[in-house]
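**Student:** 3D model of this:
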Amino acid sequence: MSQQSQPPQRPTPGRISKAVIPAAGLGTRFLPATKATPKEMLPVVDKPAIQYVVEEAVAAGLTDVLMVTGRNKRPLEDHFDRNYELEEALSRKGDASRLARVRESSDLATMHYVRQGDPRGLGHAVLCAQPHIGDQPFAVLLGDDLIDPRDPLLTRMTTVQHHHGGSVIALMEVDPAHIHLYGSAAIQPTDEPDVVRVTGLVEKPEPGQAPSHYAVIGRYVLDPAVFTVLAHTPPGRGNEIQLTDALKTLATPDHPGGPVHGVVFTGRRYDTGDRADYLRAIVRLACERDDLGPDFRTWLKAYVNGEMDQ
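**Tutor:** Reported below is the predicted structural model:
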């Protein structure tokens, strides 16, 4: 990127420590599996998808996590709580390895929960977090996007927010044929190769109407000014309060809650919000595991090549 960036505005002192994870969705694309089980609890290899997201937040230094939930989401709370009966049973058996794995989720972070109530979109879910967040910058992580821990996207985003102030969103260049599935950002280059200035946003643009091929993916670091904007943002696409619309307002030149920057992500992202992509995520992560990968890759190669016994 060759063009000079805008002068930094209102850098916020201090370390970002709070994360918000919206988890009130019904998971209808995974029915009937999600009839009684939250989609966030569907396993990705041997951990529920939501645990990967919390681990990512903690790895970036965010140890205070608020989940915005809804009805039938109690298993989320149970997963990140202690299970004394199970722990005692494993302890009696001397199964230290499984005991450590059971305790891992409850020791990750300080967990909090609030119900969204009437599900009115992602923007409304973020607005529900205002009493807990207060007046400090915070991160939002969407559970359908898993970012490989070898690609510290969220850490990079908090660094950019500390330098520039305002808000930072994660962007990924996608096939133009697929940009209508995402929020699309209008951008200007800066003097940092992986950072752009966001000048506009369109949620799920009509074919041929996207301002760029850069899609918004499910990671945000937000200035608390977003709460005031969200409170005055009318329902948009799908009759829901869209976070994209609030960020578009914050990106307006000289807005007191701005600016908005984007970190262009070129690393490994696993989409668990779609059934086919969910299966691909499981295969990719299993193949890369030291304990499962060697045998699984051998079996998978034989299966794909038609070498399995019928």
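**Student:** what about the spatially closest residue to T155 that is not a sequence neighbour, distance to P131?
**Tutor:** Nearest in space to T155, with sequence neighbours left out and distances taken as C-beta to C-beta, 6 or more residues apart in numbering, is A60 at 4.6 Å. Every C-beta, even on glycine, is put in place using the N, C-alpha and C of the backbone. Distance, A60 to P131, by C-beta to C-beta, to the nearest Å: 23 Å.
**Student:** more crowded one of the two?
**Tutor:** A60 (23 against 9; other C-beta atoms under 10 Å).
**Student:** Which parts of this protein belong to which domain?
**Tutor:** Following automatic domain parsing, the chain resolves into domains at 18-271, 274-310.
**Student:** List the buried residues for the shortest one?
**Tutor:** Read that as domain 274-310. The neighbour-count check on domain 274-310 (16 or more other C-beta atoms under 10 Å) flags 278, 281-282, 285-286, 296 as buried.
**Student:** wait, which of the residues you listed is closest to L108?
**Tutor:** Among these, L285 lies closest to L108 (C-beta to C-beta), at 18.5 Å.
**Student:** now the closest one: how far from E104?
**Tutor:** Separation of L285 from E104 (C-beta to C-beta): 17 Å.
**Student:** related to what we said a few turns ago, which ones among the buried residues of domain 274-310 lie within helices?
**Tutor:** Counting by DSSP state H, these place 278, 281-282, 285-286, 296 in helices.
**Student:** Using CSV, please lay out these together with distance to F227 and pLDDT.
**Tutor:** Listed next are these as CSV, based on distance: C-beta to C-beta, whole Å; pLDDT from 0 to 100:
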residue, distance to F227, pLDDT
Y278, 32, 92
A281, 32, 92
I282, 36, 94
L285, 35, 93
A286, 40, 94
F296, 45, 95
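**Student:** Tabulate the residues you listed (CSV), appending distance to H162.
**Tutor:** What follows is those, written out as CSV (distance: C-beta to C-beta, whole Å):
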residue, distance to H162
Y278, 34
A281, 31
I282, 35
L285, 31
A286, 36
F296, 40
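**Student:** Tell me the one of those nearest K47?
**Tutor:** For these, the closest approach to K47 (C-beta to C-beta) belongs to L285, at 9.4 Å.
**Student:** Can you find the helix or strand of this protein with the lowest average pLDDT?
**Tutor:** strand 269-271 (a mean of 89; mean pLDDT, DSSP states H and E).
**Student:** In it, which residues are buried?
**Tutor:** Buried, per 16+ other C-beta under 10 Å, within strand 269-271: 269-270.
**Student:** Endpoints of stretch 176-189, how far apart?
**Tutor:** The first and last residues of stretch 176-189 sit 19 Å apart, counting by C-alpha to C-alpha, to the nearest Å.
**Student:** Next: stretch 33-40.
**Tutor:** For stretch 33-40, the end-to-end distance is 11 Å (C-alpha to C-alpha).
**Student:** before we move on, the earlier item: just the domains of the chain: most buried one?
**Tutor:** Of all the domains of the chain, domain 18-271 has the most neighbours on average by mean count of other C-beta atoms under 10 Å, namely a mean of 18.
**Student:** ok, the residue nearest to T155 - contacts?
**Tutor:** By C-beta atoms under 8 Å, 6 or more residues apart in numbering, A60 lies in contact with 139, 152, 154-155, 158.
**Student:** ok, of the residues you listed, which one's closest to G257?
**Tutor:** G257 lies nearest to A139 out of those, by C-beta to C-beta, at 16.4 Å.
**Student:** Now the closest one: phi and psi?
**Tutor:** Here is the backbone geometry of A139 (degrees, to the nearest 10): phi -110, psi 150.
**Student:** Leaving out the residues flanking it, which one is nearest to it?
**Tutor:** Spatially, and ignoring its direct neighbours in sequence, A139 is nearest to A19 (4.5 Å; C-beta to C-beta, 6+ apart).
**Student:** quick one: contacts for that neighbour?
**Tutor:** Listed by C-beta under 8 Å, 6+ apart, the contact set of A19 reads 57, 62, 64-66, 138-141.
**Student:** Name the nearest of these relative to E87.
**Tutor:** Looking across those and measuring by C-beta to C-beta, the closest to E87 is V65, at 21.6 Å.
**Student:** Does the closest one touch H112 like I think?
**Tutor:** Yes: at 6.9 Å, V65 and H112 qualify as touching, with contact defined as C-beta atoms under 8 Å.
**Student:** about what we covered before: would you list the contacts of A19 in CSV and tack on pLDDT and distance to D274?
**Tutor:** CSV is the format used below for the contacts of A19 (pLDDT from 0 to 100; distance: C-beta to C-beta, whole Å):
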residue, pLDDT, distance to D274
A57, 96, 23
L62, 95, 26
D64, 96, 30
V65, 96, 25
L66, 97, 26
F138, 97, 27
A139, 97, 24
V140, 97, 20
L141, 97, 18
